[in-house]
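Q: structure, please.
(one chain, ligands or ions: 1)
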Amino acid sequence: MIRLNENYLKLKSSYLFSDIAKRVAAFQEANPDREVIKLGIGDVTRALPQVCIDTFHKAVDEMASDSSFRGYGPEQGYAFLREQVAKQDFRSRGALVEPDEVFVSDGAKCDTGNFQELFANDITIAIPDPVYPVYVDTNVMAGRTGRFSDGRYEGFIYLDGTSENGFVPPVPQTHVDLIYLCYPNNPTGAVASKAQLKEWVDYARAEKALILFDAAYAAFIRDDTIPQSIYEIEGAREVAIEFRSFSKTAGFTGTRCAYTVVPKSCMAYDTAGNAHSLHGLWNRRHTTKFNGVSYPVQRAAEAIYLGDGPRQVRELTDYYMTNAKMIRTKMEALGYSCTGGINSPYIWVDAKEDSWTFFDLLLQKAGVVCTPGAGFGKCGEGFIRISAFNNQERVATALERIETALR
Ligand code: PLP
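A: Next comes the predicted model:
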């Protein structure tokens, strides 16, 4: 008899996006003449930068001739991309990262989900709340939790994000082994200062813990005093893995390219207390289970660092940041307190009532779809997330309608 991994049965069904879709469909059926504007999605809406398209085409043409054709590439990624990443995303900001510490992949979702495979099953894990659900679910699948009850899994140490702490929870008072952090944050849009990240790095060093730092939205940071990488913090190379993505930076959500930095000085320990380099272990895992991102996609990703690439990428993220500013300004003018939208593309709005009631109000009265915060964890109740990823005219129209609805 084929038996299940019963940990999968503990997973709370993710009703969030299907519940949203159901409510939107019901609204549209009842109001066929009203156009709905979706500000709930976390997907980009604008085309790839021209440098990426040009380079992508050129690389595809290389595949058309035997002399320039490429078969399997290095599983860790081509040197041309790893070198640009190390130089431009890290060294340019004073953070030491070597090209061979960069592992190119097809997504930060897979990497943030897969990295936990390297660790023992009885470790203690700190999980932020509200949270990008991948960190939670992949640990549930691996059997590191008990049941789901009263909105939480038994076994995790939850890091509560609240208005009081600005959605940057402090380090726990107890010991944990593995810590998930995400800044700029999805869903709250909060960013962590250098001093706040230093507390985490110091904590991790003292506890021999490891930080998994998700910086998928680093390209949206506009305040230069905010660290873009955890490696801008002294000592982080010993205790932190960083995940980045081209998805939101350069519109690669459908093209797929990301990378994970695993410094050679980052260690994990066996039961006898001996240290082992995570770099070697991740390399082993990556080369066993992954066969590389396609050559044309890696060339297209490299293009964001060359010639006019940086300017084009900046223009793209600036476009969304203009939306973010419009959204935050309007919601604040209407009397709602907001987090995010300044160094991130998400605006986290205190709904002053429960998440789904406010969601329904915006849908019914304004025809605008947001994401109820309750879907991201217990601490998300009472908030909604508005995404800046949309066409500017539609954002402006949505905000006019919200203003009419809420005034
Ligand atoms: N990390 C966070 C915090 C995200 O919000 C997302 C996507 O929404 C991802 C990772 C996934 O990125 P990718 O498209 O590279 O898989």
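
Q: Gly151 reaches Gly377, doesn't it?
A: Yes - the pair Gly151 and Gly377 passes the contact test of Cβ atoms under 8 Å, sitting 7.5 Å apart. For the C-beta atoms, the positions are set from N, CA and C on the backbone; glycine is no exception.

Q: who has more neighbours, the two?
A: Shown here are Gly151 and Gly377; by other Cβ atoms under 10 Å, Gly377 has more neighbours (22 against 14).

Q: how about the secondary structure of the residue nearest to the spatial centre of the chain?
A: The geometric centre of the chain, computed from its C-alpha atoms, lies nearest to Ala216 (Cα atoms, centre = their mean), at 4.4 Å. Classification of Ala216 using DSSP: H, G, I helix; E, B strand; the rest coil returns coil.

Q: so it sits against Ser245, correct?
A: Yes - shown here, Ala216 and Ser245 form a contact pair, counting by Cβ under 8 Å, at 4.4 Å.

Q: between these two, what contacts are shared?
A: In terms of Cβ atoms under 8 Å, 6 or more residues apart in numbering, Ala216 and Ser245 are both contacted by the residues 108, 258.

Q: for this protein, which residues score under the pLDDT cut-off?
A: Applying pLDDT under 70 to the chain flags the ranges 14-15.

Q: which parts of it sit against the ligand?
A: 42, 107-109, 112, 132, 182, 186, 214, 216, 245, 247, 253, 258 (Cβ under 6 Å from any ligand atom).

Q: so which pair among those is furthest apart in space?
A: By the measure Cβ to Cβ, Cys182 and Thr253 form the most distant pair in the residues of the chain next to the ligand, at 17.1 Å.

Q: show me the contacts for Gly155.
A: Contacts of Gly155 (Cβ under 8 Å, 6+ apart): 125, 144-146.

Q: quick check on those residues: which are buried?
A: 125, 144-145 (16 or more other Cβ atoms under 10 Å).

Q: which one of these is nearest to Gln228?
A: Using Cβ to Cβ, the buried ones among the contacts of Gly155 come closest to Gln228 at Ile125, 25.2 Å.

Q: follow-up on the earlier one: take the buried ones among the contacts of Gly155 and keep only those in strands.
A: Ile125 (DSSP state E).

Q: now render the buried ones among the contacts of Gly155 as CSV, adding distance to Ala240.
A: Shown next, in CSV, are those (distance: Cβ to Cβ, whole Å):
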residue, distance to Ala240
Ile125, 15
Arg144, 20
Thr145, 23
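
Q: neighbour count for Cys182 and Thr253, which is higher?
A: Neighbour count, other Cβ under 10 Å: between Cys182 and Thr253, Cys182 has more, with 23 against 16.

Q: what's opposite the spatially closest residue to that one that is not a sequence neighbour in the beta bridge?
A: Of all residues not flanking Cys182 in the chain, Asp214 sits nearest, at 4.0 Å (Cβ to Cβ, 6 or more residues apart in numbering). Per DSSP bridges, the residues bridged to Asp214 are Cys182, Phe243.

Q: what number of residues lie near Asp214?
A: 27.

Q: please apply the same query to the one 4 residues further on.
A: Around Ala218 sit 24 other residues, with neighbours defined as other Cβ under 10 Å.

Q: so who does it touch?
A: By Cβ under 8 Å, 6+ apart, the neighbours of Ala218 are 89, 184, 228-229, 244, 249.

Q: do the same with Trp282
A: 103, 115, 118, 260, 262.

Q: and it, which of the three is it?
A: helix.

Q: just to revisit the earlier point, hmm, the residue nearest to Cys182 is touching Tyr132, no?
A: Yes - between Asp214 and Tyr132 there is a contact at 6.9 Å, judged by Cβ under 8 Å.

Q: next one: Leu362 from Asn391, what distance?
A: Remark: distance between Leu362 and Asn391 (Cβ to Cβ, to the nearest Å) = 18 Å.

Q: the stretch 301-407 of the chain: strands as residue ranges?
A: All strands of the stretch 301-407 of the chain, identified by DSSP state E, counting those that start in this stretch, fall at 338-340, 346-350, 368-369, 371-372, 383-387.

Q: the residue of the stretch 251-400 of the chain found nearest the ligand - how many residues pack around it?
A: Of all residues in the stretch 251-400 of the chain, the one sitting closest to the ligand is Ala258 (4.0 Å; Cβ to the nearest ligand atom). Using other Cβ under 10 Å, Ala258 has 24 other residues around it.

Q: and Met331, by the same measure?
A: With other Cβ under 10 Å as criterion, Met331 counts 23.

Q: who's in contact with it?
A: 338, 347, 349, 386, 402.

Q: so can I have CSV of the residues you listed showing neighbour count?
A: Converted to CSV, these look like this (neighbours: other Cβ atoms under 10 Å):
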residue, neighbour count
Cys338, 20
Ile347, 31
Val349, 26
Ile386, 32
Ile402, 25
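
Q: looking at this structure, which helix is longest?
A: Identified as the longest helix of the chain according to DSSP state H is helix 309-333.

Q: give me the angle between that helix and strand 383-387.
A: Per axes from the mean of the first three to the mean of the last three Cα atoms, to 10 degrees, the angle that helix 309-333 makes with strand 383-387 is 140 degrees.

Q: if we go by neighbour counts, what in helix 309-333 is buried?
A: So helix 309-333, judged by 16+ other Cβ under 10 Å, has buried residues 309, 312-313, 316-317, 319-321, 323-324, 326-328, 330-331.

Q: tabulate the strands of the stretch 301-407 of the chain in JSON lines, adding columns for distance to Leu11.
A: As requested, the strands of the stretch 301-407 of the chain are arranged in JSON lines below (distance: least, Cβ to Cβ, whole Å):
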{"stretch": "strand 338-340", "distance to Leu11": "28"}
{"stretch": "strand 346-350", "distance to Leu11": "25"}
{"stretch": "strand 368-369", "distance to Leu11": "25"}
{"stretch": "strand 371-372", "distance to Leu11": "20"}
{"stretch": "strand 383-387", "distance to Leu11": "22"}
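
Q: which stretch among those strands comes nearest Ser163?
A: Nearest of these (Cβ to Cβ): strand 346-350, 6.5 Å.
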